[in-house]
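*Asks:* Here you go, sequence then predicted model.
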Number of protein chains: 2
Amino acid sequence: MSSSAENPEAAGFKFEVLATDPTGARLGRLTTPHGAVDTPAFMPVGTAATVKGQTQQDLEDLGVQILLSNTYHLYLRPGHELIRKLGGLHKFMSWPGAILTDSGGFQVFSLSELRKVSDEGVTFRSHLDGSEHFLSPEKALEVEIALGADIVMVLDECIEAPSAEARTREAAARTLNWARRSKEYFAQHGDPARQMIFGIVQGGTYGELRRENADALVELDFPGYAIGGLAVGEGHATTCEMAAIAASRLPAERPRYLMGVGKPEQIPDYVALGIDMMDCVLPTRSARHGCLFTAQGRLLIKNAQYIRDERPIDESCGCAVCRRYSRAYLRHLYASGEFLATILNTHHNIYFYLDIMRKIRDAIRFGKLEKFRTDLQARLK
Amino acid sequence: MSSSAENPEAAGFKFEVLATDPTGARLGRLTTPHGAVDTPAFMPVGTAATVKGQTQQDLEDLGVQILLSNTYHLYLRPGHELIRKLGGLHKFMSWPGAILTDSGGFQVFSLSELRKVSDEGVTFRSHLDGSEHFLSPEKALEVEIALGADIVMVLDECIEAPSAEARTREAAARTLNWARRSKEYFAQHGDPARQMIFGIVQGGTYGELRRENADALVELDFPGYAIGGLAVGEGHATTCEMAAIAASRLPAERPRYLMGVGKPEQIPDYVALGIDMMDCVLPTRSARHGCLFTAQGRLLIKNAQYIRDERPIDESCGCAVCRRYSRAYLRHLYASGEFLATILNTHHNIYFYLDIMRKIRDAIRFGKLEKFRTDLQARLK
């Protein structure tokens, strides 16, 4: 929304498109009650109200403006009511920046022992203790309202990939129905000056379904839109094709979030499709497995070739880790199973991702995203 | 030594006693090639060239002036020759402050599968891969010279506690013989402007043995002295009794290091005996088990009573953790097995220890250690 008058439901928020690149990429700014988010933005994942291995001060130092936290995990532990009583997720984890929570749907369908899906919702068992729980669109929002993230997602049905068209159509229809109920629940119980609710486009790898689903979702008039169910094994070209179809049907003045992406070299592709927000566990999870991103590609720090290597991870990187530590030391820490390996590796990888986003925003500003993409992909592929 | 002229072997170092308290406690300053160390000093343990869960910047922010690293671990992994080639331990781990390395003896006798002890040295198997190694006084120093710590310890024979007097006497005699060989080796191969070598008083819980051993060790004229083989189950009163006997025989103008102590409430007792340096895994290891030190005693963060507790760990603590995070959040992190639990708990506990040392130094300066001790022990016991 370009002004709050145009969309009274999102009075506490503002999304501005500041520049557009010939590729279609957008430079923007999303204003939230917890600060501005420069877009295109990458959101590090803080599953259990912590980005694994980083202090909140580290995240501030890295320039993180928004992070993602997982409703499924926080609902199970420590519980959304506890977090609500303690003043909400920002206060609980002492994070002054913006937060987005997913709906818990993806984890229910991937992590838990799934019991039964119906139009009403999903019954599942906790991966922690086997206890039975029920998640409906309304319940997901009840939890997300209690958590108090700046951006909340509607519950969607996440299906196995690939799925047949009929199955995909059924799930997309259910997700659309759930989006309608979510919007109604939020209108009654939510506060649009405090939280912004995003609908999610589904439709698997079927272009026509994606188009129909996006059009119907836009009819519901969400202040922001996500594109879900992609980057789950369908191949990068298909991801881009589906994201392009969905994005082309979404209103230009609302933020667009492509869920669960991506690899560093793929990010400019998504941005070129007009995507404004992304999240992925790749930088943080890879770090814990000793996989480090550099301007020349990935580096597996456990490899013997780094035993005596006095260079930083990436000689062109300005992060606190590259300014202080050698590959030899980082290899030693990783080989010894030391906590500091995770701390330093994670710090570097998040910096690497955020640095790409900074460079992407600069490139869009000057209409040079295509050149940046070509250069990046030539180096990283 | 009060001046380098008095002890040419330690030209790069200086130890000054700046004030003495009625208890016998000493306020001092140990100058090293890597900065000054205010004494009495507590040395956090950085076993594998890292204090578990803290970055080197964290340690600087905490005001750590000296840390201890374990020769046994670094010898086995990544190897002392590698560290020497990479410029020594300070450069390897990017630590600008002072470092003390133990001799590896304690770990050989406690961690490894011990094969055979003779006057020549110790044959043992690595706890990592079962490989066989031989450690002699000369070899320990060869490793420690390669590592390049500011303070290096001689190899000592560490025996089970309690041990009979005859066995203790035998080990103390062997340790003394090893100290003599260590001194000779260091005179030939070491650089007293770069490293300071400490002898170690042994003698178990036998006062007469402690006295004899200390006197004989002082004859060898080390620039600093440690007291070893204590705080291994003999009870605090006996620890103090033995430390007092040993300390009373050591030259007043040389630094005294009581190895492997202690609990927060015990520290003033050791300081009152004229101890200048201490090390212990207690703050860091306890942190990893969720045991946090406070001005009112220990707090087990996993306990259910902290689930909704919005207070900091310690309301009187000025550390970065207490200024930002609640017990409720820290409990959640610990219960969830998150890395951040170790990071934050360790930071707080080290701060707590260093804060006690700061207060102890202030108390000595004003001749008030007895009052500080009484107050601290009343709170913590």
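*Replies:* All right, it came through fine. All figures in this text were calculated on a predicted structure; none of them were measured in a lab.

*Asks:* Tell me which stretches of the stretch 201-350 of chain A form helices.
*Replies:* Taking DSSP state H, counting those that start in this stretch to define them, one finds helices in the stretch 201-350 of chain A at A:207-219, A:236-249, A:267-272, A:282-288, A:327-335, A:339-365.

*Asks:* okay, those helices in CSV with mean neighbour count and mean pLDDT next?
*Replies:* Every C-beta, even on glycine, is put in place using the N, C-alpha and C of the backbone. What follows is these, written out as CSV (neighbours: other CB atoms under 10 Å in any protein chain shown; pLDDT from 0 to 100):
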stretch, mean neighbour count, mean pLDDT
helix A:207-219, 19, 98
helix A:236-249, 20, 98
helix A:267-272, 25, 98
helix A:282-288, 20, 98
helix A:327-335, 24, 98
helix A:339-365, 23, 98
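
*Asks:* Distance to residue B:362 for those helices - can I get that in a markdown table?
*Replies:* Below are the helices of the stretch 201-350 of chain A laid out as a markdown table (distance: least, CB to CB, whole Å):
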| stretch | distance to residue B:362 |
| --- | --- |
| helix A:207-219 | 66 |
| helix A:236-249 | 63 |
| helix A:267-272 | 54 |
| helix A:282-288 | 42 |
| helix A:327-335 | 36 |
| helix A:339-365 | 32 |
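
*Asks:* Which among those is found nearest to residue A:37?
*Replies:* Proximity to residue A:37 (CB to CB) singles out helix A:339-365 among the helices of the stretch 201-350 of chain A, at 10.6 Å.

*Asks:* is the closest one anywhere near chain B?
*Replies:* Yes: Helix A:339-365 reaches chain B (CB under 8 Å from any CB of the partner chain) through A:339-340, A:342-344.

*Asks:* name the element residue A:28 belongs to?
*Replies:* Residue A:28 belongs to strand A:26-32 when elements are defined using DSSP states H and E.

*Asks:* From residue B:166, how far off is the residue sitting nearest the centre point of chain A?
*Replies:* The centroid of chain A falls nearest to residue A:279 when counting by CA atoms, centre = their mean (2.4 Å). Going from residue A:279 to residue B:166 by CB to CB, to the nearest Å gives 68 Å.

*Asks:* pLDDT below threshold where in chain A?
*Replies:* Counting by pLDDT under 70, chain A has low-confidence residues at A:1-11.

*Asks:* Relative to chain B, which residue of the stretch 151-300 of chain A is the closest?
*Replies:* Nearest residue of the stretch 151-300 of chain A to chain B (CB to the nearest CB) works out as residue A:288 at 8.7 Å.

*Asks:* So that residue is in contact with residue A:345, correct?
*Replies:* Yes: applying CB atoms under 8 Å as the test, residue A:288 and residue A:345 come out as touching, 7.1 Å apart.

*Asks:* anything in contact with each of these two?
*Replies:* Common contacts of residue A:288 and residue A:345, defined by CB atoms under 8 Å, 6 or more residues apart in numbering or on different chains, comprise residue A:53.

*Asks:* what does the stretch 1-150 of chain A have sitting close to chain B?
*Replies:* By CB under 8 Å from any CB, the residues of the stretch 1-150 of chain A that approach chain B are A:48-50, A:52-57, A:77-78, A:82, A:85-86, A:92-94.

*Asks:* In helices only, show me those residues.
*Replies:* Of the positions in the residues of the stretch 1-150 of chain A next to chain B, A:56-57, A:82, A:85, A:92-93 sit in helices, assigned by DSSP state H.

*Asks:* Could I have the buried ones of those residues as ChimeraX selection syntax?
*Replies:* Those of these that count as buried under 16 or more other CB atoms under 10 Å in any protein chain shown are selected in ChimeraX with:
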select /A:56,82,92,93
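
*Asks:* closest to residue A:126 among the ones in helices among the residues of the stretch 1-150 of chain A next to chain B?
*Replies:* Using CB to CB, residue A:82 comes nearest to residue A:126 of those, at 15.9 Å.

*Asks:* I'd say that closest one and residue B:307 touch.
*Replies:* Yes: if you go by CB under 8 Å, residue A:82 and residue B:307 touch, sitting 6.8 Å apart.

*Asks:* Need the residues touching each of those two.
*Replies:* Shared contacts of residue A:82 and residue B:307 (CB under 8 Å, 6+ apart): residue B:328.

*Asks:* element containing residue A:161, please.
*Replies:* Following DSSP H and E, there is no helix or strand that holds residue A:161.

*Asks:* dump the residue contacts of it.
*Replies:* Contacts of residue A:161 (CB under 8 Å, 6+ apart): A:204-205, A:229, A:232-234.

*Asks:* And residue A:262, by the same measure?
*Replies:* Residues in contact with residue A:262 (CB under 8 Å, 6+ apart) are A:231, A:239, A:270, A:278, A:280, A:282.

*Asks:* again with residue A:216
*Replies:* For residue A:216, the contact set (CB under 8 Å, 6+ apart) comprises residue A:176.

*Asks:* Around chain B, which positions in the stretch 201-350 of chain A sit nearby?
*Replies:* So far as CB under 8 Å from any CB goes, the stretch 201-350 of chain A lies against chain B at A:307-308, A:310, A:320, A:324-326, A:328-329, A:331-333, A:335-336, A:338-340, A:342-344.

*Asks:* got a list of contacts for stretch A:110-122?
*Replies:* Counting by CB under 8 Å, 6+ apart, A:72, A:105, A:108-109, A:123-127, A:130, A:132, A:134-137, A:139, A:155, A:157-158, A:174, A:177 sit against stretch A:110-122.

*Asks:* Please spell out the PyMOL selection for the buried subset of the residues you listed.
*Replies:* In PyMOL, this line selects whichever of the contacts of stretch A:110-122 come out buried by 16+ other CB under 10 Å:
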select buried, chain A and resi 72+105+108+109+123+124+126+135+136+137+139+155+157+158+174
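
*Asks:* which phi and psi does residue A:115 have?
*Replies:* Phi and psi for residue A:115, reported as degrees, to the nearest 10, are phi -100, psi -50.

*Asks:* now, among the contacts of residue A:262, which is nearest to residue A:299?
*Replies:* Proximity of those to residue A:299 (CB to CB) peaks at residue A:282, which lies at 14.4 Å.

*Asks:* Tell me how many other residues crowd residue A:229.
*Replies:* Applying other CB atoms under 10 Å in any protein chain shown, we find 29 residues neighbouring residue A:229.

*Asks:* Would you mind confirming that it is in contact with residue A:204?
*Replies:* Yes: Residue A:229 lies in contact with residue A:204 (CB under 8 Å); the separation is 6.0 Å.

*Asks:* Return every residue with contacts to both of these two.
*Replies:* Common neighbours of residue A:229 and residue A:204 (CB under 8 Å, 6+ apart) are A:159, A:161.

*Asks:* Next up, the contacts around the residue of chain A most remote from its centre.
*Replies:* The centre of chain A is farthest from one residue, residue A:308, which by CA atoms, centre = their mean lies 36.8 Å away. Residue A:308 is in contact with A:328, B:82, B:85-86, counting by CB under 8 Å, 6+ apart.

*Asks:* now residue A:74
*Replies:* Taking CB under 8 Å, 6+ apart as the test, what residue A:74 contacts is A:48-49, A:80, A:83, A:89, A:101, A:143, A:147.
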